[in-house]
Each structure stands twice: as C-alpha cells, then as structure tokens.
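J.: starting from these lines, generate the structure:
(chains A and B)
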Amino acid sequence: MVKHIQVVAAIVVLASGIVLSAQQQAGRGGGPPQPPPSPQAAAPIDLTGYWVSIVTEDWRWRMVTPPKGDFASVPLNDEGQKLGNAWDPATDGSCLAYGAAGLMRNPTRVHITWENDRTLKLETDAGVQSRRFVFEAPQPPAQRSLQGYSAAEWELVGPGGRGGQGGGGGGRGGGAPAAPRRGNLKVTTTMMSAGWLRKNGVPYSENATLTEYYDRFPAPNGDEWFVVTTIVSDPKYLNQDFVTSTHFKKEADGAKWAPKPCKS
Amino acid sequence: MTRLLLRTCACALLVVAAARPAVAQVDLTGMWAPIFHEDQVERIPGPDVGDYAGLPINDALRMRADSWDASLLTLPEHQCKPHPSTYGFRGVGNLRITAEVDDKTQAIVKLHTHIQWQEQRRDIWMDGRPHPPDYVAHTWQGFSTGQWEGNVLVVKTTHLKAGWIRRNGLLISDQATMTERFIRHGNYLTHIYMIEDPNYLTEPLIKTNGFQLTANPVMQPYPCYPTVEVPREKGDVPHHLPGENPFLEEYANKHHLPLSAVRGGAETALPEFMATAAARDARSGTRDAAPAARTGSAATRNAASATATPADGEVRSLHVQGNVWMLHGGGVNAAVQIGEEGVLVVDTMTAALGEKVVAEIKKLAGDKPIRWIVNTNVDPDHTGGNATVAAAGESIIAGNFVGQAGQAAANFAKVLTHENVEARLVKVQPALPTQALPTDTFFTDEFEMHFNGEAVQFIHVPNAHTDGDVMVFFRKSDVLVTGDAFNTVSFPVIDMEEGGSLNGVVKTLNQILDITVPEDKQEGGTYVIPGHGRLTDEADVVEYRDMMTIIRDRIQNAIEKGMTLEQVKSARLVRDYEGRYGAARGAAAADAFVEAGYRSLKN
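T.: Just a heads-up that it's a prediction; the model follows:
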C-alpha cells in the first residue's frame, strides 16, 4: 500500500510539472523565444473607429457652458475656486477647455486610429484636438502642452496578463482552448499645460497628472461602447482626485464627424 | 490491484487538472464609498422638476413625469420605498460587497451588495442559475445573475419593481431589465449600467458611477416606519392634471436652457443637439414638445416578452407562502390553499385547463381531497374549470341533507361564491353542468370560514370589475387573492352591464391596500395574487392604484370641462400607461377602458 501511495504521489508531482510547464509555455507562447508582439498586435480590445459621447450625465455642465462659479461635483480647493471665480465669460470656447484632463467630458465625437504599431491617436471633432497614446514610452518631452504626454499600456487578463487585484490570474494549461484575450487600456498623461476641467474655467494646473482606463464592451442590443474612467490628480487646485467615467458609443463611420475648432 | 492503481492515477490527474487556475477574477468585496463627481446636484440635493435632459425617454414617460407631484412621497405607502437597483448605486451611503462561498468548492455562490440608504440589499447569483419565470414576484433590487468576463463582473437583472431613473417623476416600468459592468481599477470601482425598458425608453439608458475603496467599515442601519405626514382623504394621490403642472418650465428658465433640451429624448444626449435646440423651440411655436404617437415600438415590446411564460397550455404552480400556492396558466391565475383538511381552490381557470389544474393540485396536495372551490367572478377564465375540478373533489355533507342531496353530492367539491356571481352563472348558455354551479353563496359584504388551520375571509367587491367580485384573504398565510379586482397586465375590464365602475375599481384597490402590510421597505409581507399577471405585494398594488386614481381624476376633470367621450378618447389621457397596460389586450381594449371609465363617472 505504501508503494502505491508513493507511485500515486510521484504521478501527481509529475502531472503537476506537466501542467505547470504547459502553463508556462502557453504564457511564453511555446517553442523557441519569440519577440513580443507589437502593442497594436497585442491589443486585447479594439478601440479604433468613430465614437460619439452620449451625454446622459452632467448634462448642464457639459452640453452648455455653466455660469461662472458653478463648480458642482468638482472637488476644488480654495485656490481653485478663487481662480475659477475669476474666469472671464468672454473666453468661452477657449482651447483651455479642450486640454487632456477635460477633453473627454466635452460632448464630442472621437476618432481613434493606430498612427503606428506603438501609438494610438485619439482625435476629437469638438475643439479639433489630437492625443497620442504611446506604448513602451520613451522619456517624456521637456515641453508641456495642452494634451501633455500620454504613456499607454495594455492591462491584460488571462494568458500573459496581470490577473487582477486580489485574486485569480495566470494562464491556462496546455491543451485547453485559448481563452479570449481580455483587458483594458491604461493611459498616464503628464507634462500637461494648465487647462480647464469645464468650459467655465474650472481649473487644473500644470502639476496635474491624468490617469485613464479605457474599457470596451458590447450592449445587449448590439451597440458597442467604451467607457473611459478618468482620474485627475492636482494637488494645486483639487482637494482630492477628480474621478469621472464617460461613455462613448461606436458609430459606423465618420459621417457625423464635424470639426469645430476651439479659440486658441 | 493494477486497475485500482490506474483509477487512482486517473483521479489524481483529474484533481491536478481541476486545480488549474480559473478564469481570472477580481476581488470586488469590501466597503466602497460613492464618488459624487458626476451628477452631484441630481444625486444629493435632488433633481429639478421638469429636467429630463439627456435621457432617452419617450412621450409616455414625459407625460407621466409631467404629472408627478413631489407630495406623492408624503403618502405612507411611498415613504419607505428604497431605490431600485436601477438607481440605488447613484444614491448616498456606502456600498458594501460581500461574497458567499461554497465551503466545498470555494466557488462564489453569490455576491451580496448592501447600500446604506433604505438598506438596499441585493444578491447577485454567480452559480449559473436561470432567471425565474415572469409570474414570480418582482422586487426593488430585482433578480440578478453575474458572470466574469475577464476581470469584469457582468450582471443581468430582471424582475424589477417600477422605480426611478431620476427622482423627479422619471420612472421605469416593472418590465425594465438592466445589464451592469463592475470594473475595478486599483482602488476605484467603475460601475456601468444599461437599462432597457420597452415602455418608457426609446433606447438603452447608460450611466456610470464611481466608487473608491474605503477603510471606513461603518454601515449604519436604516429603519423606516411610515406615518401620516399630511392628513388626506382616503385614496388621495397627489398629481398634476395634464397641462396644469406649473413647475415644468422653471428649470429651463432658471438655467436659460432650451425647453426642447430639458424635455429629454435620446437626441438631447448627442453632441450636435445644442446646435439645433433653439431652432427646435422656435419651430414648435411653443416651448413644449408635441405628444408622439402611441408608445412602445414593436421591437421594444418584443424585448419585454423575452422572459414570458411559454403559451404551452400548461398550468404551473408557485409557492407563495404559508399554505398558499399560486397557479398560473393560459394568462390567468388561480390559487390553492392546502392543509390537513384538504384543498381550497380559488378559481378554476378555463374549461380547457381544468384537467391541468387538477393535475397540478394533485402534484401539490397528493391525495388530500379538494373540498372547496371559490369563484371570484363569473368570467369563464375563472370558472370554466369548475366542473372538472369539482368532479375531482369531494365534500363532507351533513347527515340531515344527504337524503335530500343524495350521497352523490359528496363526490364533488363544494362551490362557494357571492350570490351575484351565482345569479349570472346560472344564466350562462349553454347551461353549465350542475357541479359547476355554486353550492353555497353569501350575500353579505364578507363571509368567513376556518379551514386548514387558518381564517379565510371572502370579501365581496361591489361595483368594480362587476358587481359580484370576491376577494379571498388567507389570514395566517398572509396572502390575498383578488380575482379581476386587480391585475398586472392590462387596464381593468370594467363591465358596466354587470355593475362595474371606475370609482369602484379605485375603491377596491384602496381596500386591498387596507389589507396588505409590507414586511419592510415596502416589500414582501402580504402577497397579492392578481387575476392576471405576476405575483405582487403592496408596492405593486400602490403602483396600480396610483395609476387608476390619476386616470380617474383626469377623466373626471375632462367631464367637468364638458368634454365629450370622443374628445376624451382623442386626448389620449392614458397614453403614459398605454405601453405598459394597453398592449396586452390591444388599443381597442384601452379605448374600451376609457369609455367605461367615462360613462361610469358620467353616470
């Protein structure tokens, strides 16, 4: 009987090794080492195409320019409120309302394309802005700009992915059907020049950093959506992180694309 | 021995294979604090009356919200309503998510969410169970099932009660469904939800909420005990008559917004809308939007029937509580009370379903004899199975009467009803068999008996559906069977030829509310089995009572203005409820209801 137990134990250990090995190979792609796929090839979600913001939230603060001093929902500190209260309504329409930290809350269409296999380009017709999400980012430029510098990464789930916070993760064993690749896009933007979170001059400073998560998903009726969760950190003008999530619906083409420049 | 060894090895391999990591999941459990950086004004102080901007509402919901009066919330039966899950995640108070795990498999059986305000408690079943059939009771939180798509929890919810999408009178119907996504990014949780409602939304409504993980574990209790805040006439339902809400333009005026924008509709959420809003207002000549065509497209109505009980001629049963089961089949309901003394049957469905009714009772009650049949009204969908069900039963006949009635009388169940029902049953042509006719009647407002260990009250309902309806209340089981005095599928059928009236309908609904007592937060407690439709509780009756009162008041107001029946029909005074209650029996039935209401009020 002892012998049998030993044999079974040996088989279990061996089998464990086989499975683990298969998992590791699956994680690496198997066979001889391969160069990692480009960010475009590795994309777990396809964000390219035309999308339109559907403004079902904060309607009065997004679809029209709110009155001076209306900062509802924004955790401005005293200094931020002071600056916001100094806003000149004559500057309504300024490009400052279309900086990276406030851009995605504008009612707009966005057009997302791969500029090259490591750079996603996001354009808006509202304000006519372009953002570039750079994967495997080199050092950010020395110059600040309205759209800043955006470093991008895929947060993968499943084979080769990160698993998740607090549980699960890892790949599948060999022989199992490949699980669909899932994940989201994370974009960290720095080197922004100062701008507005809203059209009525609600400020963010050049010290602000912007973290975004882009998640794409289907609706039960067949529509395709993405939601961008936006976290603006600005110790100069905000009491706490300003967190919003904004939804965009996929459109078939650019037929409704209507560029409307901002006032520089 | 070799075989044993091989089997053992095979088992060991299976164990190892099964131990492979499952598809990745994220830990959503913990205490989450809501982030109010979106829609803060709407979510905390509350929305303005008349602000529907950005929401894909149809004309029916617009009319309904225009009629809404905030004083409605002072009624005791409205005070403790929690938010439904279609709105609760927008509310105040922390969100606590916990997991219930199967001890043996360590698989998550369900996730449980608890939101502080009004103690919104919700289960999200993760064990792959199907959604229940459409005739079970709806709840504020609905019935939710979840599954992981990568690190995203996707939740589908059905069986919702009617409730807010915005707290200014914008409600979705109880036929709405919701799909949610819970996405965790570090210590932030993004909650995306999409609501589909075939009655009130022209396209799915999508919204998002943000939460932040908090170390503060405090979850305060939230008891609620309704009380009379404003003395009112019994049955008074605050609302604004069509065209008489004086507050609808306040919001637009205060913020200098085009009225065409704040009136809502899917187009108001598009970036290009504001470019044309002023022109829309100018074109309309008035700042109001014109009523649209009859509500609810064919496509959206089809969506609502996706979970409908199949029309397969079967009779299904649902245990309500205590000794009472609901029978559902062919679009009509019956009920049975089962105990040591036998079976009491409330209504017998159609003649065609009689055998199926008996079979289902046998399944539930075994050999216990069917002693009583109670008919709630004369209609053949409630009495058609009398002969078959009675023949399957048996009675206890007093010895003195055996000689008169004959021993054979004991071979049938007794049939009890109000004498007005009997008077019509005996006139049915072709004549019904003897065993289908009442053996016992009462003529008083109430009749009672003690059967199967509980008091059973038979309540005469005069002048509602007909002049002879009966409701049956099982006091210990705390279940009320209403017959056609109440239903959840259509406007009421008011048979004026047989003594029905609109005021009688409203009075009866208030009478039902006098009987029902919710367990907590306007949910559970007394259950109500309607003549048609799903199992309900007090909140569902309140929803229907409010509607009937509002419609009654509109028609009465039109009569007082001197409007003719044709004018009232043209005004479509029930169009905010047509999608929900006018579709089942068709537009002609909706018109017939308005006509019956008009004539009965005129009289």
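
J.: switch to C-alpha atoms for all contacts and neighbour counts from now on
T.: Fine.

J.: give the contact list for the spatially closest residue to B:Gln116 that is not a sequence neighbour.
T.: Using Cα to Cα, 6 or more residues apart in numbering or on different chains and skipping residues adjacent in sequence, the residue nearest B:Gln116 is B:Gly93, 4.9 Å away. Remark: with contacts taken as Cα atoms under 8 Å, 6 or more residues apart in numbering or on different chains, B:Gly93 is in contact with B:Ala33, B:Pro34, B:Ile115, B:Gln116, B:Trp117.

J.: what do you get for B:Thr482?
T.: Each residue near B:Thr482 by Cα under 8 Å, 6+ apart is listed here: B:Thr376, B:Val470, B:Met471, B:Val472, B:Val528, B:Ile529, B:Pro530, B:Gly531.

J.: just the pLDDT at it, thanks.
T.: Per-residue confidence (pLDDT) for B:Thr482: 98.

J.: what strand or helix carries it?
T.: According to DSSP states H and E, B:Thr482 maps onto strand B:479-483.

J.: which of the residues in stretch B:248-265 are classified as buried?
T.: Of the residues in stretch B:248-265, those scored as buried under the neighbour-count criterion (16 or more other Cα atoms under 10 Å in any protein chain shown) are B:248-249, B:251-252, B:257-265.

J.: what domains does the record give for chain B?
T.: Chain B breaks down into these domains under automatic domain parsing: B:30-49+B:72-213, B:313-538.

J.: relative to B:Gly504, how far out is B:Val461?
T.: Noted for B:Val461: a distance of 8 Å to B:Gly504, by Cα to Cα, to the nearest Å.

J.: who's more crowded, these two?
T.: It is B:Val461, of B:Val461 and B:Gly504, that has more neighbours when counted by other Cα atoms under 10 Å in any protein chain shown, with 26 against 21.

J.: show me the shaky parts of the stretch 151-264 of chain A.
T.: Scanning the stretch 151-264 of chain A for pLDDT under 70 picks out A:158-180.

J.: low pLDDT regions in chain B?
T.: In the predicted model of chain B, residues B:1-24, B:283-310, B:399-407 satisfy pLDDT under 70.

J.: identify the residues contacting stretch B:466-476?
T.: The set of residues external to stretch B:466-476 that reach it, using Cα under 8 Å, 6+ apart, is B:322, B:324, B:346, B:375-377, B:417-421, B:454-462, B:479-485, B:494-496, B:498-501.

J.: and it, how far out from the chain middle?
T.: Its chain's average C-alpha position is 20 Å from that of stretch B:466-476, according to Cα atoms, centre = their mean, to the nearest Å.

J.: same question for stretch A:232-245.
T.: Stretch A:232-245 has its average C-alpha position 17 Å from the chain's average C-alpha position, going by Cα atoms, centre = their mean.

J.: is it in proximity to chain B?
T.: Yes. Applying Cα under 8 Å from any Cα of the partner chain, one finds stretch A:232-245 touching chain B at A:Phe242, A:Val243, A:Thr244, A:Ser245.

J.: what about that stretch, start to end distance?
T.: Stretch A:232-245 has an end-to-end distance of 11 Å (Cα to Cα).

J.: quick one: buried residues of it?
T.: Buried positions in stretch A:232-245, judged by neighbour count with 16+ other Cα under 10 Å: A:232-239, A:241-245.

J.: beta partners for B:Glu448?
T.: Beta-bridge partners for B:Glu448, by DSSP bridges, are B:Gln457.

J.: stretch B:487-497 spans what distance, first to last residue?
T.: According to Cα to Cα, stretch B:487-497 extends 20 Å from its N-terminal end residue to its C-terminal end residue.

J.: typo on my end, it should be stretch A:49-58
T.: Across stretch A:49-58, the straight-line distance between its terminal residues is 25 Å, by Cα to Cα.

J.: please, which helix or strand holds A:Pro39?
T.: A:Pro39 belongs to no helix or strand, assigned by DSSP H and E.

J.: neighbours of it, just the number please.
T.: Counted with other Cα under 10 Å, A:Pro39 comes out at 20.

J.: for A:Ala137, see how far away it is.
T.: Computed as Cα to Cα, the A:Pro39 to A:Ala137 distance reads 11 Å.
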